[in-house]
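Engineer: Starting from these lines, generate the structure:
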Amino acid sequence: MAKLIVWNLMTLEGFFEGPEKWDLAFHSDAWGEELNEMSSEFGDKAGLLVFGRVTYEGMKAYWTSAEEEGETKAFMNSLPKLVASRSLTGSDWNNTTVTADIADEIARRKAVPGKDIYVFGSAELTESLLAAGLVDEIMLGVAPLTIGRGTPFFKQGTDKRGFSLITARPLKNGTVILHYGVKAMA
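Structural biologist: Below is the predicted model of the structure:
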């Protein structure tokens, strides 16, 4: 069975973007050789990439026009992608499927043997998948800075959830990769 793994970068205070949509300037404080290598590993481990509509639109715009070449661009454009959306009906980004019923689609795909399923970004989608009990692991890259304002990755007012630490890996630039298993809700 495939695992559903969420990956995101965030600031020390828990923001995954600044005050404006797609304000990801703090990523440059987290990025470096080690995070680049880890990103390449995602391409080897992933069988499917999952996005919410907003993240999908940003990822598609970036990765289909990025001038940089490399493993990350190659897997972002070639791997199968699944988009959760009630407003989109299709996509012209290769290997992309759009679904309005993301929970059922994820549950169906997790039941099939294969490589892991990764959710990149997509805070609202992550919250709904956590509530549905579909997320197996969360990986967070915590950048060594605060930005004062932004969008929190975990929303206030959600139910208490437990996580078990799998690994904690500090990078040379001060970013820490925290890898958690999601505990079953009692």
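Engineer: What is the lowest-mean-pLDDT helix or strand in the chain packed up against?
Structural biologist: The weakest-scoring helix or strand in the chain, judged by mean pLDDT, DSSP states H and E, is helix 71-78 (a mean of 87). Applying 3 or more CB pairs under 8 Å, 6 or more residues apart in numbering; DSSP states H and E, one finds that helix 71-78 contacts helix 33-45, helix 53-63. To be clear about C-beta, it is placed using only N, CA and C from the backbone, and glycine gets the same treatment.
Engineer: which of the residues in the last one are buried?
Structural biologist: By neighbour count with 16 or more other CB atoms under 10 Å, helix 53-63 contains the buried residues R53, V54, T55, Y56, E57, G58, M59, K60, W63.
Engineer: Equivalent analysis for the first one, please.
Structural biologist: The neighbour-count check on helix 33-45 (16+ other CB under 10 Å) flags E34, L35, S39, F42, G43 as buried.
Engineer: ok, now how distant is K3 from T55?
Structural biologist: Between K3 and T55 the computed distance is 20 Å (CB to CB, to the nearest Å).
Engineer: ok, back up a step: most widely separated two among the buried residues of helix 33-45?
Structural biologist: The largest separation in the buried residues of helix 33-45, counting by CB to CB, is between E34 and G43 at 15.9 Å.
Engineer: before we move on, the earlier item: now for the helices and strands packed on helix 71-78, which one comes closest to Y180?
Structural biologist: Closest approach to Y180 among the helices and strands packed on helix 71-78 (CB to CB): helix 33-45, 15.8 Å.
Engineer: Tell me, how many residues neighbour I102?
Structural biologist: 23 (other CB atoms under 10 Å).
Engineer: Need the residue closest to the centroid of this structure.
Structural biologist: The residue lying closest to the centre of the chain (CA atoms, centre = their mean) is F120, at 1.8 Å.
Engineer: Now for it: which residues touch it?
Structural biologist: Counting by CB atoms under 8 Å, 6 or more residues apart in numbering, F120 touches W7, N8, L49, V50, F51, T55, M59.
Engineer: T97 too?
Structural biologist: Listed by CB under 8 Å, 6+ apart, the contact set of T97 reads P80, K81, L82, V83, S91.
Engineer: Can you get me a residue count around F153?
Structural biologist: What F153 shows, counting by other CB under 10 Å, is a neighbour count of 21.
Engineer: ok, it to G181 distance?
Structural biologist: Distance, F153 to G181, using CB to CB: 17 Å.
Engineer: Do a quick rundown of the helices in the protein.
Structural biologist: Along the chain, the segments classed as helices by DSSP state H run 27-30, 33-45, 53-63, 71-78, 102-110, 123-131.
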